[in-house]
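Trainee: turn this into a model:
(chains A and B)
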Amino acid sequence: MKISKYIIAFVVIVAVAYNAVYFKKLDEVKASKAAKDFNAAQYAATFWNTKLLPNLNKAIDVTRLSFMLSRDPQTAFENYSHALGIGNLRYFLVSGKGTVESINENDVSVLIQTDSIKQKITIATEYIFGNAVRDATGLIDINEFNNTMDFNNVSAEINKTIREKVLPAFRQQVKKGNPIVFTGAIELNKEHLDLSRIEVLPVEIKIL
Amino acid sequence: MKRLPAIKTIVVFMLIVGIAAFQGCKTVDSKNEKKKVAVIVSTLNNPWFVVLAQTAAAQAQSLGYETKIFDSQNNTALEADNFENAIASGFNAILFNPTDADGSVTNVLKAKSAGVPVFCMDREVNSTEAATSQILSDNYSGCVAIGKYFVEQMNKKGNYAEILGLVGDNNTWNRSKGFHSVVNFYPALKMVAQQSADFDRNKAMEVMESLLQAHPDINAVFCGNDAMASGAYQALVAAGKADEIKVFGFDGAEDVIKSIKDKKIAATGMQFPKVMAQTAANYADDYFKGRKLFPKKMPVAVELVTQENVGDYTGYGKNDKAQK
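Mentor: A predicted model of the protein is given here:
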């Protein structure tokens, strides 16, 4: 009787000890923790649908912005630019209507012309990188993020959406001379302002 | 005899009033006392960190605080001593440039439990709960910009090598990830080697020498900091390949800005140590004035410096003459 008691106790202890210890790959644990903490793709999709698209009507006309920047850059930056971090790189949400002048390897040149204004800008079609679209609306609060990689990944996901959903149809159909309308984001350096090279990362772009 | 209790009461009353008055004076004195801000920096052997520490101290002084700079000499144990000294000496805030993202966490937590806020500058600690705020160069985005320029300069094809900084340092990987987040889109750009040179100029020179022997056909090299870019360039000059292989750096160090002007190095990412240091000191000031909510991590924009715009820049920042 005594021996069988000891055997049962031993089996129970072994079973409890065995089930109390388990092994997992460290990278799996890290990956699952990161996934639980923050999902950049989901965040970017929600931002795109609930904040970015509904606020595109707040974009400033790119020719009007250029005029303001050439006259009073400080006020224009204060009133219309945003950035998640600090420094000289600031972002604007802009819109415009123009005619395609040329289709290049990495961009499309557009001429915007009214009675009093003639301005050239480019629409980026190849290099869709950086934080312009993430930051331009000013609707993302940096305090939402604990990690720098989280908000870097949000930019990467937003840019992926532009690359995969906004640009393919436009690139396929656009021809020289097409009238187009666009809304998107631009990056400008507050200290070294260069209005001759305005490049728009498009959020919405249509051939009229 | 009957008077005794009355006298006793008066004496006790006067004592209480005296003590209260003394305490009151003491409170007024401590209010008038200058608050003290410690600047604890990883090393003062590197001019970049000297600029960071001195700017932080100068900004805190200009805001009315007493300051002292502590040099950790890249030694986590010495850094722990510096924290203990700063806390014991009654410093009210610490502007901190860590020696080790993991190893420095306990020091920051020690200060936090002593009620001393810590503001990290340039380098981060691997905890979002320890420091009050971390003001950091946006290494990733800076290297996204370098990556884009790299692809343009290489016409989307060619072989290249990458020389990494310290493999245990977060900045090393944030820079590398930012660069590859662009370059990896172009399959005709092939990374033939990736090696660490610990952010060190001499090591980078040695690494570049051996890379040239193993891969004589490379067209470019991306280095995780400017010291390594200078070392790599030196090796290319010695091998007679300086005109064939493009060198890209990161930091905005004075000698590399000059090399870009001289068309020796293709580009770098300009960090702003002065902006980070001033922001950290301003945050400490805000904290003393009652602000309690700070961004856990505040990125400071890194700007791309190329041969086209190098005239706008000087080592560690903007060219004052070019500023508007």
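Trainee: alongside chain B, which residues does chain A contribute?
Mentor: A:73, A:83-89, A:106, A:127, A:129-131, A:142-143, A:145-149, A:151-152, A:155-156, A:189, A:191-193 (Cβ under 8 Å from any Cβ of the partner chain). For the C-beta atoms, the positions are set from N, CA and C on the backbone; glycine is no exception.
Trainee: at 6 Å instead, please
Mentor: A:85-87, A:89, A:127, A:129-131, A:142-143, A:146, A:148, A:152, A:192 (Cβ under 6 Å from any Cβ of the partner chain).
Trainee: buried ones among these?
Mentor: Burial by neighbour count, judged by 16 or more other Cβ atoms under 10 Å in any protein chain shown, picks out A:85-87, A:89, A:127, A:129-131, A:142, A:146, A:148, A:152, A:192 from the residues of chain A next to chain B.
Trainee: not counting sequence-adjacent ones, nearest residue to whatever residue of the stretch 201-324 of chain B ends up closest to chain A?
Mentor: Of all residues in the stretch 201-324 of chain B, residue B:301 sits closest to chain A, at 2.8 Å by Cβ to the nearest Cβ. The shortest distance from residue B:301 to any non-neighbouring residue, by Cβ to Cβ, 6 or more residues apart in numbering or on different chains, is to residue A:87 (2.8 Å).
Trainee: next, give phi and psi for that neighbour.
Mentor: Note on residue A:87: its backbone torsions stand at phi 130, psi -170 [degrees, to the nearest 10].
Trainee: per-residue pLDDT of it, please?
Mentor: Predicted confidence (pLDDT) at residue A:87: the value is 93.
Trainee: what about the longest helix in chain A?
Mentor: helix A:2-20 (DSSP state H).
Trainee: let's see that one as PDB, backbone CA atoms only.
Mentor: What follows is helix A:2-20, C-alpha atoms only, in PDB (Å, rounded to 0.1, in the frame of the first residue of the first chain):
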ATOM      1  CA  LYS A   2       2.700   2.400   1.000                       C
ATOM      2  CA  ILE A   3       4.700   1.700  -2.200                       C
ATOM      3  CA  SER A   4       1.600   2.300  -4.400                       C
ATOM      4  CA  LYS A   5       1.100   5.700  -2.500                       C
ATOM      5  CA  TYR A   6       4.600   6.700  -3.200                       C
ATOM      6  CA  ILE A   7       4.300   5.700  -6.900                       C
ATOM      7  CA  ILE A   8       1.000   7.700  -7.200                       C
ATOM      8  CA  ALA A   9       2.600  10.700  -5.500                       C
ATOM      9  CA  PHE A  10       5.700  10.400  -7.700                       C
ATOM     10  CA  VAL A  11       3.600  10.300 -10.900                       C
ATOM     11  CA  VAL A  12       1.500  13.300  -9.800                       C
ATOM     12  CA  ILE A  13       4.700  15.300  -9.000                       C
ATOM     13  CA  VAL A  14       6.300  14.400 -12.400                       C
ATOM     14  CA  ALA A  15       3.100  15.200 -14.300                       C
ATOM     15  CA  VAL A  16       2.800  18.600 -12.500                       C
ATOM     16  CA  ALA A  17       6.500  19.400 -13.100                       C
ATOM     17  CA  TYR A  18       6.300  18.300 -16.700                       C
ATOM     18  CA  ASN A  19       3.300  20.500 -17.400                       C
ATOM     19  CA  ALA A  20       4.700  23.500 -15.500                       C
END
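Trainee: quick check: the nearest residue to residue B:288 once chain neighbours are set aside vs chain A, distance?
Mentor: Excluding the flanking residues, the one nearest residue B:288 by Cβ to Cβ, 6+ apart is residue B:35, at 6.0 Å. From residue B:35 over to chain A the distance is 24 Å, taken as Cβ to the nearest Cβ, to the nearest Å.
Trainee: what is the neighbour count of residue B:35?
Mentor: Residues within reach of residue B:35, counting by other Cβ atoms under 10 Å in any protein chain shown, total 16.
Trainee: isn't it right up against residue B:66?
Mentor: No: taking Cβ atoms under 6 Å as the contact criterion, residue B:35 and residue B:66 are not neighbours in contact, 7.3 Å apart.
Trainee: before we move on, the earlier item: backbone dihedrals for the residue of the stretch 201-324 of chain B closest to chain A, both of them.
Mentor: phi -60, psi 140.
Trainee: before we move on, the earlier item: narrow the residues of chain A next to chain B to those in strands?
Mentor: The members of the residues of chain A next to chain B that map onto strands under DSSP state E are residue A:89.
Trainee: list just the nearest of the residues of chain A next to chain B to residue B:255.
Mentor: Checking the residues of chain A next to chain B against residue B:255 by Cβ to Cβ gives residue A:192 as the nearest, at 22.0 Å.
Trainee: now do the contacts for that closest one.
Mentor: Residue A:192 makes contact with residue B:312, according to Cβ atoms under 6 Å, 6 or more residues apart in numbering or on different chains.
Trainee: confidence score at it?
Mentor: pLDDT recorded at residue A:192 is 90.
Trainee: now do the one 3 residues further on
Mentor: According to the per-residue confidence, residue A:195 scores 92 in pLDDT.
Trainee: worst mean pLDDT across the helices and strands of chain A, which element?
Mentor: Lowest by mean pLDDT, DSSP states H and E among the helices and strands of chain A is helix A:26-37, with a mean of 52.
Trainee: which stretches of the stretch 201-324 of chain B form helices?
Mentor: B:201-214, B:226-238, B:254-261, B:273-288 (DSSP state H, counting those that start in this stretch).
Trainee: pipe those into JSON lines and attach mean pLDDT per row.
Mentor: Converted to JSON lines, the helices of the stretch 201-324 of chain B look like this (pLDDT from 0 to 100):
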{"stretch": "helix B:201-214", "mean pLDDT": "96"}
{"stretch": "helix B:226-238", "mean pLDDT": "96"}
{"stretch": "helix B:254-261", "mean pLDDT": "94"}
{"stretch": "helix B:273-288", "mean pLDDT": "96"}
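Trainee: now these in a markdown table, with mean neighbour count?
Mentor: Listed next are those as a markdown table, based on neighbours: other Cβ atoms under 10 Å in any protein chain shown:
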| stretch | mean neighbour count |
| --- | --- |
| helix B:201-214 | 19 |
| helix B:226-238 | 23 |
| helix B:254-261 | 19 |
| helix B:273-288 | 22 |
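Trainee: nearest to residue B:309, of the ones you listed?
Mentor: If you check each of those against residue B:309 by Cβ to Cβ, helix B:254-261 wins as the nearest, at 9.4 Å.
Trainee: what comes up buried for the helix or strand that residue A:167 is a member of?
Mentor: Per DSSP states H and E, residue A:167 falls inside helix A:167-173. Neighbour counts over helix A:167-173 (16+ other Cβ under 10 Å) mark A:167, A:170 as buried.
Trainee: what's in contact with it?
Mentor: Residues outside helix A:167-173 that contact it (Cβ under 6 Å, 6+ apart): A:125, A:205, A:207.
Trainee: excluding chain neighbours, what is closest to residue B:79?
Mentor: According to Cβ to Cβ, 6+ apart, the nearest residue to residue B:79 is residue B:72 (3.8 Å).
Trainee: what about the one you found, how many residues nearby?
Mentor: Residues lying near residue B:72 (other Cβ under 10 Å) number 26.
Trainee: for residue B:123, same thing?
Mentor: 23.
Trainee: I figured it hits residue B:98, correct?
Mentor: Yes: using Cβ under 6 Å as the test, residue B:123 is close enough to residue B:98 to be in contact (4.9 Å).
Trainee: rewinding a little: between the contacts of helix A:167-173, which is nearest chain B?
Mentor: residue A:125 (13.4 Å).
Trainee: contacting residues for the closest one?
Mentor: Residue A:125 makes contact with A:107-108, A:167, A:171, according to Cβ under 6 Å, 6+ apart.
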